[in-house]
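Enquirer: Prediction below, plus the sequence it came from.
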Amino acid sequence: DGGITQSPKYLFRKEGQNVTLSCEQNLNHDAMYWYRQDPGQGLRLIYYSQIVNDFQKGDIAEGYSVSREKKESFPLTVTSAQKNPTAFYLCASSIGHSNQPQHFGDGTRLSIL
Amino acid sequence: KQEVTQIPAALSVPEGENLVLNCSFTDSAIYNLQWFRQDPGKGLTSLLLIQSSQREQTSGRLNASLDKSSGRSTLYIAASQPGDSATYLCAVRLLTGGGNKLTFGTGTQLKVEL
């Protein structure tokens, strides 16, 4: 089945530690996105990539980093500089054109130990 | 800056009732608007996508309308069922700016009771 796979489902971070969230898609989509969801707030865009080897900051990129070395993969690293990382992280992809819908993975819940 | 608001934040209805969820946005220069469903602890499932040139889209018991000039969209759910219980999110895509970026509302949490 085609889709977006996020792993792990749950992740715990210690103080001062960097952690990486995985996002893989087999939909052959050009564009990929990372969102953060906090209780009572809408999804906020962290980073997005429209093509391999290129990515742009979203609205809340500070404390995060990404890479896009392969079309199907867009990992997100939550660095120690992100002081409030506890949230639900969602990865999405789309064909790339603005008139096409975005499709989402099942998310990763990150908590602080 | 585009702001998206969804009212009410929570809604509880008896099974079989028809209902309307509201979404409003401040910048009418949108490319399209997308409605999503989110089950607890899960990702988003795309329900309907309305292009700026369209007035409405239908899928089964769902009908979404768009009034771009007034900055409003509604999601109509006919003959609601307990399985419709979820959080419903709307998101708009602006004409300006790079990429296929969405601005989301905070969602309406729907509970359909037996």
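Expert: Everything's here; your move.
Enquirer: Look up how far chain A lies from B:Leu47.
Expert: For B:Leu47, the distance to chain A (CB to the nearest CB, to the nearest Å) stands at 9 Å. Placement of C-beta: from N, CA and C, glycine included.
Enquirer: What residues does that residue make contact with?
Expert: Neighbouring residues of B:Leu47 by CB atoms under 8 Å, 6 or more residues apart in numbering or on different chains: B:Gln34, B:Trp35, B:Phe36, B:Arg37, B:Ser59, B:Leu62, B:Ala64, B:Leu75, B:Tyr88.
Enquirer: Can you tell me the SS state at it?
Expert: What DSSP: H, G, I helix; E, B strand; the rest coil gives for B:Leu47 is strand.
Enquirer: if we can go back for a sec, write a PyMOL command that selects only the buried members of the contacts of B:Leu47.
Expert: Of the contacts of B:Leu47, the buried ones go into a single PyMOL selection, burial set by 16 or more other CB atoms under 10 Å in any protein chain shown:
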select buried, chain B and resi 34+35+36+37+62+64+75+88
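Enquirer: what ranges do the strands span in the chain?
Expert: Just going to use chain A. For chain A, the strands defined by DSSP state E occupy A:4-7, A:10-13, A:19-25, A:31-37, A:44-51, A:54-57, A:64-66, A:76-78, A:87-94, A:103-104, A:108-112.
Enquirer: To clarify, I was referring to chain B.
Expert: Under DSSP E, chain B gives strands at B:4-7, B:10-14, B:19-25, B:30-38, B:44-51, B:56-59, B:62-67, B:72-77, B:86-94, B:102-104, B:108-113.
Enquirer: residues of the second one that come out buried?
Expert: Burial within strand B:10-14, assessed by neighbour count using 16+ other CB under 10 Å, is assigned to B:Leu11, B:Val13.
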